[in-house]
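Peer 1: no sequence on hand, only this structure:
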């Protein structure tokens, strides 16, 4: 397990940057596969999801091991995950991209939100998805799916490295989610990515202003003309960025 | 064909319960595959869709049998289905999960709504989907799809057992749809499922209140602690449920 | 390349007709595969997208040819496409239906909109999709996708015939997009399709009124009864259509 | 149901022509979708499969309707299909392209062969596939699949029009299968297709000889040069074709 | 981990029964999902594969963790799995059904065979598949795939419960593979399944003989006529089964 | 276009190395996506396919542009490709991974073989696949498919960069195919990859011998023990490699 603790500085920076910028910054470092494929926000949120990954691994459900009574067990890993995911962290579920059944429902996700989690990401389905969408806490899933997880999924273990949407997620990795979806940042890169992307966001805000004012993107984005570089420096000073 | 007639009591109960609860109640009875896979509401609705299934089966369209002129035939099964689906029933279309063409469009679905149908479910596409979304009647489909059904689908017969989204649907089965999607309840189980789920919904409302008040789910959901059981009995009395 | 120029008359007509009508009119002429499969509007728009196709072809990205620095090249085809797509035209991207990475992002699409393009259609992903959704210009894509196009796509050439969502798109073809998605009209048919569909829309508006007033679709849609034909003639006069 | 009876002349002709030729001949008549997608021979056969379609329709299995005991019912449609498919006909199974379970196994298919059927085609799986492959009778399937059909499929009715591998198959249609797979010929076209393709095969045999002798395909295939036409006429005389 | 040890009696029985029979016997016990979906034999084998599962779990490869040099590590889980899988056991790889890269190649699988393993099953690809096919030891995979596992897969841990081809595989489960593919038998059922299926095989051999002699399957398979029952008893005595 | 000409030395080396080794060598250089996904040999061949890529690009067929008569045109790109692909080169077809129709048939591929091509690779289907399989020239495809290419594909242009099985193929790239499938080597790497892999093959032959003699792979593969290094040096001298 990781010793990395997401600082409030890095968290604050990440709250203001986009998954697109993170994807580019990771691409520059040779990491091309950190976008969780096939998940969407349950409902749009104003705020970006940021938090470290606390993982739950499902395997296919064998019928004799997964009657409805298993939930009476206080140690059931799905329940334990919801009750032990640390405040400020993101619960990441490996549902093997199989959304024909739910990996969680609104009662559990409400409990997770009440406990202060920063969000939840599953590459499977959620049931009672509208209830989940009404929470302030961001939630990402493949699609709504009414069947109980026992139908297809057995919650097996907690906080092991998992696959989520074809991406490796290690416990502690920094999950960032916005309208495009969710990026996974390895811990050893989180601080520098946050820093670098802060600059990228500033530059892109400047570029967008220029484009909206009628400027061509050639020479501006990326910036290869000196005049744009100068203009940007001015803009930064004027806007305190 | 079934003799079962959905009573207004059962209909009213089903209107107040979720597809998630129905999925769990059917799962307890060994029915694990009653959720129509791959369909979504055309637009969100306040009210739950409830009604018995009236089916329409499509097979792949052979070009020489499906020129545009076939619709001039007053006996064309798609048209007949729309004109004969009983008020209060749900028209269920087996489009072989192929949404590259429509299985219906807004004029037909408007007619269906005017005739008093309780809803429509297709595992294929709908054209003019925005028009369908504006109706009060709930509609479920795979996705919007502009091409006429004749492009890929030949409406073949009415009120035979069909597949819809990988679920067997027998004429008369009880279809229930909410934000998560659509469940298919076999007729012989409809009344007891409605009754059992009414209790489940009551308990889940209680649980959600507890969770929102900060209670842990362990021992509460499912209820294995006596104190929660007692609390719930009180809650029921207080809330008349 | 085509010599066809979309006239303002045809453009205006197409703005008032649906992709469903166009699909039917092309189906009557033996063209069954002109609906761009698998793309949806980034956000709903009041106005229909109409414009001729200006194409951009991507092939799979080979890592050594696609470092982040390629965008510094003023001749990069993606950038050139955005800067040369004529006002009133639609930029059509062949992303090989692979949406695991973006084919464009909000800055480029904003530039495209500022330059007066009529819209953009990609069968791949868009990054910063919410930014694109806020533009007035219609945009169609497979889904949001944060990774830069360099991850999976190399922009190769401009204004060659391409595949988009399993449809052949020739430069100059007329693209029409509404809530259902996007149709591709070959240039030699654009004017007559616009004319024919104008009549179809008029008739369908009449039909919808009749249906909403309680009329059966049999004999009305399609119109095989003389009384409906007469009624429609009256309706046209009354409504000036 | 069809009155068409496949004559021994047409059967003999079809035995000597390829599915590729049939596909082309149907394409010329506007039928573009008569190749059963996604099925392969269980084992290679020297002889071409030819016979009229006798169909069996499966729908998804509901657990309570499909215990292992259903096969004790002498009227079970799967068993009845095997025992009533006429000699010289082809049993065509609509397994909804779902090969996660079998649609038949070697005992039933052996019985079918013993009864003189001309072949079997399923777009689902077969169990004990090696046993089926050892029969002389041609068999086509999606892939081997050990689970009993009851797991996913309920045999519902016999000799209704079905979908098989995305193609419409009407009872009586003429099924032809070789190493490439299976074509479906509508009854009203079977005789003329057999005749036309006999000529095509003759010409293609000639072309192949020319190509093997070093001739270019330009002007030869299709034949647009008079000298090739003359040569072919000679070849026909020499070879009695 | 399981304490179950596959006895030589049970192993011998399982060597003579088919995966189809096992699937049926498990189906009767409510286990409907024990067939490893999507895997085929690398090459046909005369003998049935039987052995307990020793598992290897892969997660998606993150580029910085998976350079070619990782194999120099003597503790690399893939290498360790090959060197520690007990003789007579089956190495089962969870490759998340992603065969775009290999999960092993011929050198490792040759070593595994030399060490006395009973077989290997992967729901991913194998490289140098022809070399693997030449071994006596049975091997099952999705398809040949030249890229090294490091391209997409990181071998993470050994002998934990995994998913393989959508089936839960617990270490120690009994894997049986023949021409149809691979079944997973939970340890607590292995002995009784072996026993029950021995009887089923005997009966099916009898049935096949009857069918080959011209008998109808109705009343015979399953056996509902007394005369067949009597005949079968005789057959057993005569054949010592 | 490339100036690179594959030397006979490099060709000879590549004939003796596996696609697996090439994949690893390219992986070491950061090229992770050079394996043509989803194609298999039409029939097994003793010899490895080696040759530079001559490409043919298909787009989706529009019905009015692709009647059967188009082949009468001597300039039809499919025919031209077959007649102009240089001897010793490999014809690579971009069929957009759509194998529902053929991209070529046995007459054309026979002509290609007669003209001395080194092979053919298509990510679509081939018709008359058995005829193609009987040729000495290696051929790779997705699967057999009887429908003529005109059904779904329009041959558009020749020798432009294309996608084949999700890999970028530039004209002149070196294609190597064996039992596992096909690798694409960029021209600037072909000579060094051939050289490096020759060494890898030699070492792997040594390793396989050791493994077959009972050696563990730890420390041997990769070689981290000095004794194995020494042994290998001896082996090379003894075997002249």
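Peer 2: Structure received. None of the values given here were measured: they were computed from a predicted structure.
Peer 1: close to chain B, is stretch A:114-133?
Peer 2: Yes - judged by CB under 8 Å from any CB of the partner chain, stretch A:114-133 comes into contact with chain B at A:114, A:127-131. Placement of C-beta: from N, CA and C, glycine included.
Peer 1: what residue spans form the domains of chain A?
Peer 2: A:8-185, A:192-239 (automatic domain parsing).
Peer 1: so which of those is the most packed in?
Peer 2: domain A:8-185 (a mean of 22; mean count of other CB atoms under 10 Å in any protein chain shown).
Peer 1: and that one, how far from the chain's centre?
Peer 2: 8 Å (CA atoms, centre = their mean, to the nearest Å).
Peer 1: show me what the longest helix anywhere in chain A is packed against.
Peer 2: Longest helix in chain A, counting residues (DSSP state H): helix A:187-212. Helices and strands touching helix A:187-212, by 3 or more CB pairs under 8 Å, 6 or more residues apart in numbering or on different chains; DSSP states H and E, are helix A:8-15, helix A:19-28, helix A:226-239, helix C:106-114.
Peer 1: same for the helix or strand following the last one, what does it pack against?
Peer 2: Just to be clear, that refers to helix C:106-114. Note on helix C:106-114: by DSSP states H and E, the next helix or strand toward the C-terminus is strand C:119-122. Packing contacts for strand C:119-122, counted by 3+ CB pairs under 8 Å, 6+ apart, involve strand C:90-94, strand C:102-105, strand C:139-141, strand C:174-178.
Peer 1: pull up the pairing partners for strand C:119-122, direction included.
Peer 2: Take DSSP bridges as the rule and strand C:119-122 pairs in its sheet with strand C:90-94 (parallel), strand C:139-141 (parallel).
Peer 1: including distance to residue B:35, could those go into CSV?
Peer 2: Listed next are those as CSV, based on distance: least, CB to CB, whole Å:
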stretch, distance to residue B:35
strand C:90-94, 35
strand C:139-141, 28
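Peer 1: dump those strands into CSV; add mean pLDDT as well.
Peer 2: Output for the strands paired with strand C:119-122, formatted as CSV (pLDDT from 0 to 100):
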stretch, mean pLDDT
strand C:90-94, 98
strand C:139-141, 98
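Peer 1: quickly check: the biggest strand by length in chain A near chain C or not.
Peer 2: For chain A, the strand with the greatest residue count under DSSP state E is strand A:49-60. No - shown here: strand A:49-60 not in contact with chain C (CB under 8 Å from any CB), separated by at least 13.1 Å.
Peer 1: now stretch A:153-164
Peer 2: No - with CB under 8 Å from any CB as the criterion, chain C is not reached by stretch A:153-164; the gap is at least 14.5 Å.
Peer 1: before we move on, back to that, quick one: the longest strand of chain A to strand E:49-60, angle?
Peer 2: If you take axes from the mean of the first three to the mean of the last three CA atoms, to 10 degrees, strand A:49-60 sits at 170 degrees to strand E:49-60.
Peer 1: show me what strand A:49-60 is packed up against.
Peer 2: Packing partners of strand A:49-60 (3+ CB pairs under 8 Å, 6+ apart): helix A:8-15, helix A:77-84, strand A:90-94, strand A:153-158, strand A:162-164, strand A:174-178, strand E:162-164, strand E:167-169.
Peer 1: can you list the helices and strands packed on helix A:187-212 in TSV and add mean pLDDT?
Peer 2: Below are the helices and strands packed on helix A:187-212 laid out as TSV (pLDDT from 0 to 100):
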stretch	mean pLDDT
helix A:8-15	98
helix A:19-28	98
helix A:226-239	95
helix C:106-114	98
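Peer 1: nearest to chain D, of those?
Peer 2: helix A:19-28 (35.2 Å; CB to the nearest CB).
Peer 1: now the element after the closest one, going C-ward?
Peer 2: strand A:40-41.
Peer 1: paired strands for that following strand, with orientation please.
Peer 2: Counting by DSSP bridges, strand A:40-41 is paired with strand A:139-141 (antiparallel).
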